[in-house]
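[1] build me a model:
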Amino acid sequence: MPRLVPSPVEVVAIPQKVSIKEYFGNASCNPTPETSDISMAHVHASGGFAEDYQAPSFDEYVLILKGSVTILHSHGPPLVAAANQAIFLAKGERVQWKFTEDAEYVAVCLPAFSPTNIFREETEGQRPAHDTHTNIYHLVQKKIWDACVESGATYYPPTYKSEKFTHATADPQYLIGVANHFYKDTEGEWLCLHMTRSSLAEANITLKFEDPSPVGTTAALTKEQSGGMRFPHIYGGIPSTGGVVKNITKVVRADDGTFMAIEGL
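    Down below sits the predicted model:
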């Protein structure tokens, strides 16, 4: 049966700054409380107001109704969106919302917004570690990558169909640990593909920073193994042409299959 939401719940009200009225979510109508898979809010913000930096663990879709919104981030110039334009913010993207004029917009968060998944920086020095890295690395079996290069095809890892993304690493200090955790029993030569946030963005490939995930049937890295880092997941394949991959280096293995080093890192 259709469900009517007769009115929103005002979840934030700061006079002369911002009003956030939620129609769906954890504080209002929640049709799926077990998963809290979506929230939707109507926001009014005043010119001169700015949020704290934040790096949410949800995707956010924003439709600007009136005025404009400026999004500051760490890896490029500010993004400005005006009325009748929209913004997509991927999980883990560190951003600051600023308002140079009064603005009105609708925000949809997947999964639903909560105070525990927005990761707001309320004091100095809270910038998440994953945001300090610009380079993105992916370990690949040489025979699979070479076949893609030969045919000009986009590369997808063997687990892509089930996982819907390509695993990657931003902090190179974790690459060898990742390789030995997931791939030690895989025979053959391996390569390390070097990309950047910008090279992926220029190809319209979405990059999300999320908690470590399993690869196939192998369990995810533990917090101790990952250092609590959020890892980059590439929501698409990796083109073998076109400049997304900036460099390729060899991975050094021992006779027993242990990954030892990555040339150039």
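
[2] output stretch 93-106 as CSV, restricted to C-alpha atoms.
    These are the backbone C-alpha positions of stretch 93-106, laid out as CSV (Å, rounded to 0.1, in the frame of the first residue of the first chain):
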residue,chain,number,x,y,z
GLU,A,93,34.6,12.1,-0.3
ARG,A,94,35.8,14.8,2.2
VAL,A,95,33.9,18.0,1.5
GLN,A,96,32.8,21.3,3.0
TRP,A,97,29.5,22.9,2.1
LYS,A,98,29.6,26.6,1.8
PHE,A,99,26.8,29.1,0.9
THR,A,100,27.6,32.4,-0.7
GLU,A,101,23.9,33.1,-1.0
ASP,A,102,20.6,31.7,0.3
ALA,A,103,20.0,28.2,-1.0
GLU,A,104,17.3,25.6,-1.0
TYR,A,105,17.9,21.9,-2.0
VAL,A,106,16.8,18.3,-1.6
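
[3] got a list of contacts for that stretch?
    With C-beta atoms under 8 Å, 6 or more residues apart in numbering as the contact definition, stretch 93-106 has outside contacts at 40-56, 62-74, 78, 89, 127-128, 131, 209. C-betas here are computed from N, CA, C, even on glycine.

[4] what residues does the top helix by length along the chain touch?
    Longest among the helix segments of the chain by residue count, using DSSP state H, is helix 142-151. Contacting residues not belonging to helix 142-151 are listed as 153-155, 158, 188-191, 193, 240-241, 248 [C-beta under 8 Å, 6+ apart].

[5] buried set for that helix?
    By neighbour count with 16 or more other C-beta atoms under 10 Å, helix 142-151 contains the buried residues 144-145, 148.

[6] try stretch 19-33
    Neighbour-count burial for stretch 19-33, with 16+ other C-beta under 10 Å as criterion, is recorded at 19-30.

[7] ok, and the closest non-adjacent residue to residue 195?
    If you skip the residues right next to it in sequence, residue 195 has residue 136 as its closest partner in space, 4.4 Å away by C-beta to C-beta, 6 or more residues apart in numbering.

[8] isn't the one you found right up against residue 170?
    Yes: applying C-beta atoms under 8 Å as the test, residue 136 and residue 170 come out as touching, 5.9 Å apart.
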